Structure formats: structure tokens, C-alpha cells
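Engineer: what shape does this take:
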Amino acid sequence: MKWWIIGGIAAIVIAVGAMRVFSRGVPIESAAAAPADIREFVDEQAQTRLPVEYLITMPYDGRIEQIDLLEGARVEAGQVVAGIVPEDVTLAMTQADAAVRRLDASIIESGDKSVENTTGKQSEQIVTSMESTVAAANARVESGEAKYAYAVKNLVRIRSLREKSNASEEQLNQAELAEVEAKVDLVQDRLVLRSLEAMLVAVRLVPLVVEQYKVRKDLTVGVLKEEKAQAVSRFDAQKRDKERALMKSPIDGVVLERMETNERHIPAGTVLLKVGDPKLLEIEVDVLSQDVVRMKEDAPVEIYGPAVGPAGAKGKVARIYPAGFTKVSSLGVEQQRVKVVVRFDNDDLARLQLDHELGVGYRVRVRIFTAAKSGALVVPRSALFRGPDGSWQVFAVRDGKAKLTKVDVGLMNDEQVEIVGGVTTGERVVLAPESTLADGTKVSTE
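Structural biologist: Okay, the predicted model is just below:
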């Protein structure tokens, strides 16, 4: 019996509901088209960055000292942030300086020609003396030749007298002896002359040898000077390396990243620290190429998301890259995107860094406004949908019925859309219409 009662009550309720629907129409949510301000924007996920990150790198192979600076530590321009072990630098400079000083001494030694100059003067005097000696020897030969000629003539005369018995045997013997002695003396004088002439030729070469040796020393000095120039260059390089051994921050900023900590030998070019200026923090966003064409530099931007807090922040478009790139979406779809750089409002950036410690590489969302209009006829975005032919449509509430209506749209965003044709001011439209709603269906806005 109870089941019949329950079934009867349910039937009554269904009947009452059906009569209400039939009489008052399908209940819907609606909104009136009304004048309002509307701004078109592109909403994308983005990331904070610095326009320039300065790398502190090893200037040359060496042993790095321990780096005590931690990430987030503030640094000033010119502050030493890392350094090569001083003993290694000092040793290299000492060796380079010693090489320069050794070559200086060698140049002085090789350039000193005092001994050669003295030797040259002595050799010139010896040549003069030898020339005089040769002249004397030549005169002695001439004298010997005269003596020998006289001795020969005298011997001939004495022999002639001896044959006539006008000279004694003793006189003949003395004449013969004198002739032999004169001949021997002449031979000796000629031999001495030839020896002295040979010595004179050799002695005359001594000044030339001295001059050639001086020229050779000049060449040696030239070579030493070239070696010194190279040594000085090495010393200057070591001096420069000593200055570069103290690596300094190029800016006022903070340590973004520390790659090395302990003392160890590191090759040239190794990155030790990364430094940046947080006051220059900006945002990089990848925008679809079909959206970026509507953007302009200095366009206003709203910045929001958990990283910036409920108050959000303001900014503007600072730069639009001239070239795009292909990026695969999370759904695996290839998209053509363009990088856009957004710059914070200075006051908002200072507030975010103070209150939220906003840093580099933080994820945020940006809303870049591409157009705006005041007093436009606006309806909620949820009322709009595409028709089978791709045109924009709405259900307009007219005479208590939902009328399928094509509309022309202007500016559009995620919440609102401007209607430029098809719906008039004050006319109501169905919000988020059900797929079962058909043209002409009676509706109720209550």
C-alpha cells in the first residue's frame, strides 16, 4: 500500500514539473547587452629573467682560492669575488722578472766593446810598427845587395892583381871570405824580409778581425734585445695576469649562482660565479605568432599569479623579438611562437622584491593588452559560440524564446566580447547555453 502512495506522489510531482516547464519555459541564465569598457588582451604563462647575467670566469689556467660568497649575496662593482692563489701568481712574476734582468745583464756585457777598442788600437800600432820593421828589413836587403856587389867586384879585382902578383894570397883569401859573408848576409836579410812581410800581412788582418768581432757583438746584442722584448712581454703578461687573478664584480648586484667552492686547479674559461642586477628584473613570455602581430611596444601589461601575490603588478611591453621559433605544446602540438619581453613598473618591482622576494626564473602569468574601447556594447564571453559555418552566434531572448542569432564581434577577451551587430542594447542573451537548447525554445530567465 505504501508503494502505491509513493508512486502516486512521484507522478504528481513529475506532472507538476512538466506543467511548469511547459507553461514557463526552460530555465536559463542570461545577461543584458550593455555599454561598457572593454580591453582585448593575450594571457600567457611567463618567466622572470635578467636581461644580462655576468659570468665570472677563470682568466687562465690556475689554482682557484675557496669562494665563500653564497647565492643571494650582494656584491658591489669592483668587489673581489674570486681569486687565484697568490703564491702561484707571485712565483710566475718573479721568474718573468728574473728573465728580464738576466737579459739586461747580457745586453750590457755584450754591448761593452772596451776590450775590442783597446785591441783595435793596439793592432793598429802593431801594424804601423811592422810596416816600419819591414821597411827597415827592405833597406837592410838593399844594403846587403850593395855589399855583396862590392864584395864580388873586389874579389874580381884581387884575383886579377894576384894573377899579376900585385896582391898577396892573404888578400885574395880575405876578398873571397868577404864575398861569401856578403852573400850569406844578403840571403839572411832577404829571408828576414820575406818573414816580416808575411807577418805584416797577418798583422794587417787583426784590425779587421777586431771590427768583425765588434759587428758580431752588435748582432748578439740585437738578438738579446729581441729576447728581452719577448721576456718583457711575458713579464707584462704575468703582471696583467696578476691583476686578472683578482676577479671582480662588474656591477652592483647579487650572486645568482656559484659553480665552484673549494680550492682546486681549474682550466681557463671555467665559470665560477654568475652575477646579476635584480633591479633590472624583467619577464620573458612566448606568445603565439598570430597574437603577437596585435601587440606593440609600451603596451600595458598586468602581471599576476602566486609568485606576485594577490595585488599583482603592472608593466609594459619592452621588446618584441623579430624572429619566431617552433615550440611543442603540452598536448604535443607544434606552435609558432615569438619571444616578448615585459618590463615591470619600477615601484611594483621594488615592492615584489621586498614583500615576495621575487627572483630570477620565477613563473608568473601576464595579460598583455592589445586594444581597448570605451562605451562598447558588451556581453559576457560565455554567451558566444561558433555556428556550423564558423560564424559567431548567441541565443538572444526575444518574446520569451531563445532565438539563434548571428552576431558580429569586435574586441574580445576571456570574460567579455564586443557586439557590433546582431544584438541591440538591453537585449538579453543566454549564458553558457546547453547543447540541447534549440532555436525558438521557450525559456525562463528566473
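Engineer: residue 382 - nearest residue in space that isn't next to it in sequence?
Structural biologist: Spatially, and ignoring its direct neighbours in sequence, residue 382 is nearest to residue 432 (4.6 Å; CB to CB, 6 or more residues apart in numbering). (Each C-beta comes from the backbone N, C-alpha and C, glycine too.)
Engineer: quick one: contacts for that neighbour?
Structural biologist: 29, 382-383 (CB atoms under 8 Å, 6 or more residues apart in numbering).
Engineer: doesn't it fall inside a helix?
Structural biologist: No. Using DSSP: H, G, I helix; E, B strand; the rest coil, the secondary structure at residue 432 is coil, not a helix.
Engineer: can you list the buried residues in stretch 275-291?
Structural biologist: 275-278, 281-287, 291 (16 or more other CB atoms under 10 Å).
Engineer: whoops, stretch 192-206 was the one
Structural biologist: Those would be 192-193, 196, 200, 203, 206, for stretch 192-206 by 16+ other CB under 10 Å.
Engineer: other residues contacting it?
Structural biologist: Contacts with stretch 192-206, where a contact means CB under 8 Å, 6+ apart, come from 119, 123, 126-127, 130-131, 133-134, 137-138, 140-141.
Engineer: per-residue pLDDT, the residue nearest to residue 382?
Structural biologist: Predicted confidence (pLDDT) for residue 432: 91.
Engineer: might one say that residue 407 is in contact with residue 392?
Structural biologist: Yes. Look at residue 407 against residue 392 with CB atoms under 8 Å: they come within range, at 5.3 Å.
Engineer: who has more neighbours, those two?
Structural biologist: More crowded of residue 407 and residue 392, by other CB atoms under 10 Å: residue 407, with 21 against 17.
Engineer: OK, contacts around that one?
Structural biologist: Contact analysis of residue 407 by CB under 8 Å, 6+ apart lists 384, 392-394, 419, 421-423.
Engineer: three-state assignment of the closest residue to residue 387 other than its chain neighbours?
Structural biologist: Excluding its sequence neighbours, the residue lying closest to residue 387 (CB to CB, 6+ apart) is residue 393, at 4.4 Å. Following three-state DSSP, we place residue 393 in the strand state.
Engineer: if I look at residue 393, how far off is residue 292?
Structural biologist: As judged by CB to CB, to the nearest Å, residue 393 and residue 292 stand 28 Å apart.
Engineer: which one's more surrounded, those two?
Structural biologist: Relative neighbour count places residue 292 above the other of residue 393 and residue 292, with 22 against 19, counting by other CB under 10 Å.
Engineer: that one against residue 336, yeah?
Structural biologist: No. Using CB under 8 Å, residue 292 is not in contact with residue 336, being 9.7 Å away.
Engineer: joint contacts of those two?
Structural biologist: What both residue 292 and residue 336 touch, as defined by CB under 8 Å, 6+ apart, is the set residue 324.
Engineer: given the strand ranked longest in the chain, what are its sheet partners and their directions?
Structural biologist: Secondary structure of the chain per DSSP state E: the longest strand is strand 363-380. Sheet pairing for strand 363-380, assigned by DSSP bridges, gives strand 34-49 (antiparallel), strand 300-304 (antiparallel), strand 416-421 (antiparallel).
Engineer: which residues of the stretch 101-250 of the chain score low on pLDDT?
Structural biologist: Filtered on pLDDT under 70, the stretch 101-250 of the chain yields no residues whatsoever.
Engineer: now do the strands in it.
Structural biologist: Secondary structure of the stretch 101-250 of the chain (DSSP state E, counting those that start in this stretch): strands at 246-248.
Engineer: now the buried residues of stretch 192-206 in CSV, with distance to residue 44?
Structural biologist: Putting those into CSV (distance: CB to CB, whole Å) gives the following:
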residue, distance to residue 44
192, 116
193, 115
196, 110
200, 105
203, 101
206, 95
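Engineer: of the residues you listed, which belong to helices?
Structural biologist: 192-193, 196, 200, 203, 206 (DSSP state H).
Engineer: related to what we said a few turns ago, tell me the one of the buried residues of stretch 275-291 nearest residue 50?
Structural biologist: Ranked by distance to residue 50 (CB to CB), those are led by residue 276 at 4.3 Å.
Engineer: wait, what's in contact with the residue nearest to that closest one when sequence neighbours are not counted?
Structural biologist: Nearest-residue entry for residue 276: residue 50, 4.3 Å, with adjacent residues in sequence omitted and distances by CB to CB, 6+ apart. Contacts for residue 50 (CB under 8 Å, 6+ apart) come out as 256, 276-278, 280-282, 360.
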